[in-house]
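> Here is the input, now give the coordinates:
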Amino acid sequence: MAGRNMKTTGGTVQVDLGSLNPKQKLFCQSRTRYTAYGGARGGGKTHVLRVKAYGGALTFPGIRILIVRKEYPELEQNIILPMRKMIPPELASYNGQMRMLFFVNGSTIKFGHYGPRDDDEYQGIEYDWIFMEEATQFTERQFRILGADLRGVNDIPKRMYLTCNPGGIGHLWVKRLFVDREYRDGEDGKDYTFIHATVEDNPQLMKASPEYVQMLELMPEDVRRAWRYGDWNALAGTFFPEFRKETHVVAPFLRIPAEWRKYRVFDYGLDMFACLWIAQDFEGRSYVYREVQQSGLIVSEAARLALDLTPAHEQISCTIAPPDMWNRQKDSGKSMAELFAENGLGLLKASNNRIQGWMALKEMLKPLKSEKDKPGLLVTEDCTGLIRNLPVIQHDEKNPSDCATEPHDITHICDALRYYAVTRTLGAEMAVPVSDEDEEEGMSYDAAMTGGEMTETYLMFGD
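This next block holds a predicted model:
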């Protein structure tokens, strides 16, 4: 892709696309619908994105290309300005108000930022190619919304190209689709290609900045594994770096000892009922030994599911639930805690202090007595949802002592575990009856059932 000639009304223009390393060439040659490039930092992902988009605009006259990034300043500095320098003015003009490049052959490249409240800007628009820069900064919902824009009546192949590194709000879905290759109904593995690149695959950077590798090597272990080698299991920047499969995950029990104290704990809404069963041994160590996650359940169905999954020989000490279960509903005058009780599931009210709950959970993940001892919390292998979601939940951007509430679909089971941790630390709260006056200012029935207003935080893809 060193260069080519392109004819214009003013003559012939020499186009220089520069050179690409072998991994970048694989990215440009991929013909699957979704192609992701990245892994470690320094792999040359932003450069190959610019080259691929530029080459596509020249190869397919009239192609409509979209390049998106979460924030506009980074988009401008890393994509727009370099591309304006790369592309001769004889070939394309840039409209700053529209944020578009218009090529003489009819091709266009649109630059856009896509924040949490920008869904409407990307619904119902047609593009032939879409590029997602730093895809792990986006939710799966945003990825699917953009994917729905890949359409049109022309013969140009419809494709989406992603660049990505481990970590970020979208880590889980990118890892599932492109790294682990775990597909759900309606997803075809043949549509997804992942090209893993490290700094060694980018000789230009190695030559220009040899100290860059040394900087990566000096990072903390989890950061080094993610940034230096593109280890998608290292998860630098997550809220629970303490959680490791090799440390915290154990084989399932054939039978939980009858003498151990056992608990149920759940988070509930119509969008998801996430319930955990936890046993505590004589040393005070907790074992999460059963889980269920299911959406669309009304109270009676959720109560029945929890009871049906509890064998008759298991004596459950109590069922811990979030405090919003005690908000009285205006239509019935009853709280959901009362409805659960009427359906055979009495509840113990947990504290909703998020910070204390997360800190208590962090303490439980540490060795119980000495550094060589097993952690205070262990999870059996069959609790796959918790094992998958707990290590990828992120820090809240505004309060690093709290967990992010997005992506919403991974937080329910983590919140359930938080209720257990904070109750074990602080004890249960007294369930105070809610007055009519309090109810006016409290959470509505719909809010309690769904987690709040139906915003982009709520409207997430479930399991």
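> got the domain boundaries for this protein?
Listed domain ranges for the chain are 3-229, 247-450 (source: automatic domain parsing).
> As JSON lines, these with distance to Phe240 would be great.
Using the backbone N, CA and C atoms, a C-beta is placed for each residue, glycine as well. As requested, the domains of the chain are arranged in JSON lines below (distance: least, CB to CB, whole Å):
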{"stretch": "domain 3-229", "distance to Phe240": "11"}
{"stretch": "domain 247-450", "distance to Phe240": "6"}
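> May I see these organised as JSON lines, with mean neighbour count added?
As requested, these are arranged in JSON lines below (neighbours: other CB atoms under 10 Å):
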{"stretch": "domain 3-229", "mean neighbour count": "17"}
{"stretch": "domain 247-450", "mean neighbour count": "18"}
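> which regions of the stretch 251-400 of the chain lie under the pLDDT threshold?
331-332 (pLDDT under 70).
> Strands of that one, residue ranges please.
261-269, 272-280, 286-294, 316-321, 348-349, 377-380 (DSSP state E, counting those that start in this stretch).
> Residues in contact with the second one: which ones?
Right, strand 272-280. If you take CB atoms under 8 Å, 6 or more residues apart in numbering as the criterion, strand 272-280 is touched by 256-257, 260-268, 286-295, 297, 302, 305-306, 309-310, 314, 316, 383, 385-386, 409, 412-413, 415-417, 420, 462.
> what angle do it and strand 316-321 make?
140 degrees (axes from the mean of the first three to the mean of the last three CA atoms, to 10 degrees).
> May I have the strands that pair with strand 272-280, each with its orientation?
strand 261-269 (antiparallel), strand 286-294 (antiparallel) (DSSP bridges).
> next one: the shortest one
Paired neighbours of strand 348-349 in the sheet (DSSP bridges): strand 316-321 (parallel).
> Check the offset of the strand it pairs with from the chain's centre.
Offset of strand 316-321 from its chain centre (CA atoms, centre = their mean, to the nearest Å): 30 Å.
> which residues of the stretch 301-450 of the chain fall in helices?
Taking DSSP state H, counting those that start in this stretch as the test, the helices found in the stretch 301-450 of the chain are 336-342, 354-365, 384-389, 411-426, 436-441, 445-450.
> mind putting the ones you listed in JSON lines, distance to Gly170 included?
Formatted as JSON lines, the helices of the stretch 301-450 of the chain follow (distance: least, CB to CB, whole Å):
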{"stretch": "helix 336-342", "distance to Gly170": "32"}
{"stretch": "helix 354-365", "distance to Gly170": "21"}
{"stretch": "helix 384-389", "distance to Gly170": "14"}
{"stretch": "helix 411-426", "distance to Gly170": "14"}
{"stretch": "helix 436-441", "distance to Gly170": "36"}
{"stretch": "helix 445-450", "distance to Gly170": "23"}
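> Can you check which of the ones you listed gets nearest to Leu58?
For the helices of the stretch 301-450 of the chain, the distance to Leu58 is smallest for helix 384-389, at 42.3 Å, taking CB to CB.
> Any idea which residue is closest to the centre of this structure?
Closest residue to the average C-alpha location of the chain: Gly170 at 3.2 Å, with CA atoms, centre = their mean.
> Does Ile413 touch Leu386 like I think?
Yes: using CB atoms under 8 Å as the test, Ile413 is close enough to Leu386 to be in contact (5.3 Å).
> any shared contact partners between the two?
276, 291.
> contacting residues for Pro203?
Shown in contact with Pro203 (CB under 8 Å, 6+ apart): Asn21.
> Okay, it and Leu26: tell me how far apart.
15 Å (CB to CB, to the nearest Å).
> Ok, Gly43 next?
12 Å.
> mind listing the helices in the stretch 101-250 of the chain by residue range?
Along the stretch 101-250 of the chain, counting by DSSP H, counting those that start in this stretch, helices occupy 140-147, 171-174, 203-208, 211-217, 221-229, 245-248.
> So Val249 sits against Val379, correct?
Yes: contact criterion CB under 8 Å: Val249 and Val379 qualify, at 5.5 Å.
> overlap in contacts of the two?
With CB under 8 Å, 6+ apart, Val249 and Val379 have common neighbours Ile387.
> Can I get stretch 54-61 as PDB, trimmed to CA atoms?
Listed next in PDB are the C-alpha coordinates belonging to stretch 54-61 (Å, rounded to 0.1, in the frame of the first residue of the first chain):
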ATOM      1  CA  TYR A  54      -8.400   6.400   3.300                       C
ATOM      2  CA  GLY A  55      -7.800   3.500   1.100                       C
ATOM      3  CA  GLY A  56     -11.400   2.500   1.200                       C
ATOM      4  CA  ALA A  57     -12.500   6.000   0.100                       C
ATOM      5  CA  LEU A  58     -10.200   5.800  -2.900                       C
ATOM      6  CA  THR A  59     -11.000   2.200  -3.900                       C
ATOM      7  CA  PHE A  60     -14.800   2.400  -3.700                       C
ATOM      8  CA  PRO A  61     -16.100   5.600  -5.300                       C
END
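> Just the mean pLDDT for that stretch, thanks.
Average pLDDT, stretch 54-61: 95.
> then the helix or strand hosting Thr12 to CSV, C-alphas only?
Per DSSP states H and E, Thr12 falls inside strand 11-16. The C-alpha coordinates for strand 11-16 follow below in CSV (Å, rounded to 0.1, in the frame of the first residue of the first chain):
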residue,chain,number,x,y,z
GLY,A,11,-4.6,15.8,-13.6
THR,A,12,-3.1,12.9,-11.8
VAL,A,13,-2.3,12.9,-8.0
GLN,A,14,0.2,10.6,-6.4
VAL,A,15,-1.3,9.0,-3.3
ASP,A,16,1.0,7.8,-0.6
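> Which elements pack onto whichever helix or strand comes after it?
Downstream of strand 11-16, the first helix or strand assigned by DSSP H and E is helix 22-29. When contacts are defined as 3 or more CB pairs under 8 Å, 6 or more residues apart in numbering; DSSP states H and E, helix 22-29 packs onto strand 34-39, helix 45-59, strand 192-197.
> can you tell which of the ones you listed is closest to Phe243?
Per CB to CB, nearest to Phe243 of the helices and strands packed on helix 22-29: strand 34-39, 21.6 Å.
> Okay, angle between the closest one and helix 45-59 too, please.
Using the same axes, to 10 degrees: strand 34-39 against helix 45-59 is 150 degrees.
> just how off-centre is strand 34-39 within its chain?
16 Å.
> same question for it, mean pLDDT?
Mean predicted lDDT for strand 34-39 stands at 94.
> same question, stretch 171-182
92.
> residue ranges for the strands of the stretch 51-200 of the chain, please.
64-69, 92-95, 100-103, 108-113, 129-132, 159-164, 192-197.
> For the ones you listed, give me TSV that also has mean pLDDT and distance to Asn352.
Output for the strands of the stretch 51-200 of the chain, formatted as TSV (pLDDT from 0 to 100; distance: least, CB to CB, whole Å):
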stretch	mean pLDDT	distance to Asn352
strand 64-69	98	35
strand 92-95	96	50
strand 100-103	97	47
strand 108-113	97	34
strand 129-132	98	35
strand 159-164	97	34
strand 192-197	96	39
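> Many thanks, we can stop here.
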